[in-house]
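K.L.:
What shape does this take:
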Amino acid sequence: MRKKLLLRSTLLLVLASAVAVARGREPIERALILSEHPRSEAPRVYVGGRIATLLRLEKPCDPERTAMLGWEGHFEPVVCAGRWVLLYPLRDLTRDNQFLLRVTLVDGTELPFIVTSHEQFYGNREVDQQVNVFASREDYDAVVASLYRALQSERELREEVERYQKEENSIDHAYATLLVNGEVRQVPFKRKDLYELSDGDMGLKVEIFAGKGNGKAAVVVQLANTHRDKPWTLKEARVSSDSTSRTARSFALRMNRAEIVSGASGSLAVVVDRSAFVSEKGMVGLVLEIFRDDGLQQLAVSLDPRLVQE
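P.N.:
Numbers count the residues shown, from 1 in each chain. You can find the predicted model right below:
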């Protein structure tokens with residue numbers, strides 16, 4: 001029986017949507033908060049002929065105990081399926097038409113509504129096409145807050161994807177990819193300094209490059225995990241003017257492996273554009289900091305602004 005009701009609901013929704021579009025009406029959705037209505041007066045739902053109206057409930061309804069009084073000849077049979085109640089008027093109602101709809105939830109809670117003509121809505125001829133029913137303002141606010149959080153997460157994810165797409169197409173990331181793979185001859189850079197040092201259980205080789213007339217600087221770091229019992233992984237790389245996130249600059253970063261196991265080596269390359277060296281006071285020096293997985297600083301490299309002025 002439930003399956004037949006769902007099929008009927010789907011057919012009615014398709015029909016109603018087509019009619020609504022044909023009549024040029026925009027879908028109308030609103031929230032109905034039951035606690036804000038006096039107990040002596042049931043909240044109203046405004047319907048229009050041959051346009052489906054859906055009630056979206058917080059809990060599933062009971063089909064056997066959900067009904068509308070006097071619906072015959074004015075509506076299709078009321079459909080109750082899950083958390084949805086479907087109303088479908090066969091024709092426009094008059095101002096005097098008012099029908100009592102009693103929705104019963106599976107937990108036994110009864111929710112009364114007055115179903116009437118959209119013309120009763122203070123002269124506004126719009127039709128309720130979806131009414132989201134909430135028991136209280138707190139429930140409504142919780143849903144709205146959850147929605148905003150979801151939208152914010154979606155926006156942040158979309159921005160992150162767009163940033164990655166831009167990175168894949170940026171010249172700086174292309175340079176960093178070639179440098180980390182040892183293709184120095186394929187990029188317009190010349191090596192200015194070379195340092196080799198040991199930091200506990202890590203061997204480090206640092207090469208600093210100046211761009212050949214392209215206004216860029218680069219750093220290639222080769223890391224050898226000599227004694228650590230666990231893999232070395234990068235937590236964060238930062239370029240700034242004073243070793244704080246407050247003055248952090250943008251840059252391109254590439255690594256040739258996600259982690260460096262004990263006894264193995266790996267490399268990372270950083271490319272910094274001339275614009276990163278510019279401040280309100282003119283050109284400033286920058287610091288590249290590499291932080292390992294436990295949050296400790298593994299390496300700090302000073303970048304002279306003259307690297308991007310050659």
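K.L.:
Any buried residues in the host helix or strand of Ala174, and which?
P.N.:
Using DSSP states H and E, the secondary-structure element containing Ala174 is helix 171-180. Taking 16 or more other Cβ atoms under 10 Å as the basis for neighbour counts, the residues of helix 171-180 that come out buried are 172-180. In short, each C-beta sits where N, CA and C put it, glycine included.
K.L.:
before we move on, what about stretch 299-310?
P.N.:
299, 301, 303-305, 307-308.
K.L.:
Among the residues you listed, which one lies nearest to Val284?
P.N.:
The shortest gap between Val284 and any of the buried residues of stretch 299-310 belongs to Pro305, at 6.6 Å (Cβ to Cβ).
K.L.:
State the mean pLDDT of stretch 129-144.
P.N.:
Model confidence over stretch 129-144, given as mean pLDDT, is 81.
K.L.:
Can you check the distance spanned by it, start to finish?
P.N.:
Start and end residues of stretch 129-144 are separated by 19 Å (Cα to Cα, to the nearest Å).
K.L.:
and what of stretch 101-108?
P.N.:
15 Å.
K.L.:
Stretch 276-293 now?
P.N.:
Between the start and the finish of stretch 276-293 there is a gap of 26 Å, counting by Cα to Cα.
K.L.:
swap in stretch 31-42?
P.N.:
Between the opening and closing residues of stretch 31-42 we find a distance of 15 Å, counting by Cα to Cα.
K.L.:
for it, which positions count as buried?
P.N.:
Counting neighbours by 16+ other Cβ under 10 Å, one finds that the buried residues in stretch 31-42 are 32-34, 42.
K.L.:
picking up where we left off before, what strands line up against the next helix or strand after the helix holding Ala174, and which way round?
P.N.:
On the C-terminal side of helix 171-180, the closest following helix or strand by DSSP H and E is strand 189-199. Strand 189-199 has the following strand partners under DSSP bridges: strand 202-211 (antiparallel).
K.L.:
can I get the CA coordinates of the strand it pairs with in PDB?
P.N.:
The C-alpha coordinates for strand 202-211 follow below in PDB (Å, rounded to 0.1, in the frame of the first residue of the first chain):
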ATOM      1  CA  MET A 202      67.600  14.500   9.100                       C
ATOM      2  CA  GLY A 203      70.200  15.400   6.400                       C
ATOM      3  CA  LEU A 204      69.400  18.600   4.500                       C
ATOM      4  CA  LYS A 205      70.700  20.000   1.300                       C
ATOM      5  CA  VAL A 206      69.300  23.500   0.400                       C
ATOM      6  CA  GLU A 207      69.700  25.200  -3.000                       C
ATOM      7  CA  ILE A 208      68.600  28.800  -3.500                       C
ATOM      8  CA  PHE A 209      67.900  30.000  -7.000                       C
ATOM      9  CA  ALA A 210      67.400  33.400  -8.600                       C
ATOM     10  CA  GLY A 211      65.200  33.900 -11.600                       C
END
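K.L.:
quick revisit: just curious, which of the buried residues of stretch 31-42 is nearest to Arg191?
P.N.:
Closest to Arg191 out of those is Ile33 (68.4 Å), distances taken as Cβ to Cβ.
K.L.:
for the protein, what are the low-confidence residue spans?
P.N.:
Residues of the chain that meet the criterion pLDDT under 70 lie in 1-27, 39-40, 119-125, 142, 145-146, 163-169, 228, 310.
K.L.:
Many thanks, have a good one.
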